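K.L.:
A structural model of the following input is requested.
(one chain, ligands or ions: 1)
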Amino acid sequence: MLDVATIRKDFPILSRKVNGKPLVYLDNAATSQTPQQVIDVIVDYYSIYNANIHRGVHTLSQEATDKYEEARHKIQAHFNAEKAHEIIFTSGTTHSINLVANGFASLIQKGDEVIVSALEHHSNIVPWQMLCEKTGATLKVIPMNEEGELVMSDYDNLLSNKTKLVFVNHISNALGTINPIEEIIKKAHHVGAAVLVDGAQACPHIKPDVQKLDVDFYVVSAHKMCGPTGVGMLYGKETWLNKLPPYQGGGEMIAEVTFEETTYADLPHKFEAGTPNICGGIAFGAAIDYMNSIGFDNIATYENELLDYATKKLLEIDGLRIYGNTKNKTSVISFNVGNIHPYDIGSIVDKLGIAVRTGHHCAQPIMDYYKIPGTVRASFAFYNTFKEVDTFVDAVKRAVQMLS
Ligand code: C6P
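P.N.:
Below is the predicted model:
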């Protein structure tokens, strides 16, 4: 069992008030909150050893470089990558996906096919559409069903020897569905296609093992797992990363530069042009330490209890419909009540100190499937409480009364 009362003391923001009420933060799928242990690492960096890395012979630069590379090793260990240089620091999931999509432009041609799922965030749709425009490849879509699950029999029919790449999220941000990525990866590999898994919504809830999954690329953002914004990871199998051309040119990513020719640095530096988010990378490592100190098994058990409780309580509200009802989901509840616009509910509960997201959640195709403009999305983390769920449900009831 988690000692949530003690855990909450790690998060200074959770004791603030919003609109005169205690904050109830239920927008964790958008970004998680930051514990003091990670904030301290950020403060230490700027107070004690702020310097550019991989460049200076001076002590500060060496200290910063050591901490940054130590963070890379922590991330490697956490995701169980075989090699540290298979971990590329990026600014986040969006950057990671664009890096891979841009690289595949030189590996894909007209007549090739790439497969996306109906449950994707725009970050895992648009870069591939851009790739198809550039190359003449065709984008195919694994459809979804009413429960918010992927229709896997249709996936089987989409795969062929023309398929070069499959990209799918591990967990849907809009519905919370956990996708069967093991099966997706195995079947894609059977036809020789590579697979990119968007783990942005998985990393706060589960600890993926990239070797066990045998995934080709896995991408996350640190800010979804108690780390800072503006930093994330691209994991890529060494063989793939060696095949992809660099994404950006600049300092750090070169071996030698002359006006006639430039040769590129080895992994991971080939993909890390320019001064990176040094403090962010180090804090990302601290966030991973923090989450592991709580324990992912404990997190999953507790969040599932919160999810079941909140689902049951919300469904007591007349006219409330939850979108995405698969059994295999994480602690995200997307819903509407009758014809009330989600924005109206979101605004009223905000007045009561409660933060939820409203709208299409950067997943418009899912909203189109359900023929709705958007939903109210409550997303729970391990530091949320059952009492907060009660406060939220009461606030929704109040909003519904006011708006009906
Ligand atoms: N989803 C949400 O409220 P960035 O912005 O690069 O850190 O992450 C993009 C992204 C990619 N894939 C998935 C599955 C995501 O959930 C997100 C971010 C947030 O749902 C903000 S739009």
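K.L.:
Tell me which stretches of the stretch 101-250 of the chain form helices.
P.N.:
Under the criterion DSSP state H, counting those that start in this stretch, the stretch 101-250 of the chain contains helices at 126-135, 152-158, 181-190, 210-213, 238-243.
K.L.:
Now the longest helix along the chain: buried residues?
P.N.:
Scanning the chain for the helix with the most residues, using DSSP state H, yields helix 59-79. By neighbour count on 16 or more other Cβ atoms under 10 Å, the buried set for helix 59-79 is 61, 63-65, 67-69, 71-72, 74-76, 78-79. The C-beta positions use only the backbone N, C-alpha and C, and glycine is treated the same way.
K.L.:
Please give me every residue in contact with the most centrally placed residue in the chain.
P.N.:
Taking Cα atoms, centre = their mean, the centroid of the chain lies closest to residue 200, which sits 1.0 Å from it. Contact analysis of residue 200 by Cβ atoms under 8 Å, 6 or more residues apart in numbering lists 93, 121, 123, 169, 173, 219-221, 224.
K.L.:
Also residue 60?
P.N.:
Per Cβ under 8 Å, 6+ apart, neighbours of residue 60: 49-51.
K.L.:
Out of those residues, which are close to the ligand?
P.N.:
The subset of the contacts of residue 60 within reach of the ligand, by Cβ under 6 Å from any ligand atom, is empty.
K.L.:
still on that earlier bit, I'd like the distance between the residue nearest to the centre of the chain and the ligand.
P.N.:
Per Cβ to the nearest ligand atom, to the nearest Å, residue 200 is found 4 Å from the ligand.
K.L.:
so after the one helix or strand residue 369 maps to, what's the next helix or strand?
P.N.:
Here residue 369 sits within helix 364-370, counting by DSSP states H and E. The helix or strand immediately downstream of helix 364-370 is strand 375-379, counting by DSSP H and E.
K.L.:
about what we covered before: quick check: phi and psi on the residue nearest to the centre of the chain?
P.N.:
Per-residue torsions, residue 200: phi -60, psi -40 (degrees, to the nearest 10).
K.L.:
gap between it and residue 208?
P.N.:
12 Å (Cβ to Cβ, to the nearest Å).
K.L.:
Over to residue 104?
P.N.:
Taking Cβ to Cβ, one finds residue 104 at 22 Å from residue 208.
K.L.:
Between these two, which is the more surrounded one?
P.N.:
For the pair residue 104 and residue 208, the greater number of neighbours falls to residue 104 (26 against 21), based on other Cβ atoms under 10 Å.
K.L.:
Go ahead and confirm that one touches residue 134.
P.N.:
No. If you go by Cβ atoms under 8 Å, residue 104 and residue 134 don't touch, sitting 9.6 Å apart.
K.L.:
Same list (the contacts of residue 200) but as TSV, adding pLDDT.
P.N.:
Putting those into TSV (pLDDT from 0 to 100) gives the following:
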residue	pLDDT
93	98
121	97
123	97
169	98
173	98
219	98
220	98
221	98
224	98
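K.L.:
Which of the residues you listed fall in strands?
P.N.:
Secondary structure from DSSP state E places 169, 219-221 of these in strands.
K.L.:
which among those residues gets closest to the ligand?
P.N.:
residue 221 (3.3 Å; Cβ to the nearest ligand atom).
K.L.:
Now do the residue lying closest to residue 378 once chain neighbours are set aside against residue 13, distance only.
P.N.:
Excluding the flanking residues, the one nearest residue 378 by Cβ to Cβ, 6 or more residues apart in numbering is residue 26, at 4.3 Å. To residue 13, residue 26 is 13 Å away according to Cβ to Cβ.
K.L.:
which residues are contacting the helix holding residue 369?
P.N.:
Here helix 364-370 has contacts from 118-120, 122, 125, 144, 148, 172, 174-175, 323, 360, 373-375, using Cβ under 8 Å, 6+ apart.
K.L.:
for that helix, which positions count as buried?
P.N.:
Result for helix 364-370 [16+ other Cβ under 10 Å]: buried residues 364-367, 369-370.
K.L.:
Can you add pLDDT and distance to residue 100 and give those back as TSV?
P.N.:
Output for the buried residues of helix 364-370, formatted as TSV (pLDDT from 0 to 100; distance: Cβ to Cβ, whole Å):
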residue	pLDDT	distance to residue 100
364	98	22
365	98	21
366	98	23
367	98	26
369	98	26
370	98	29
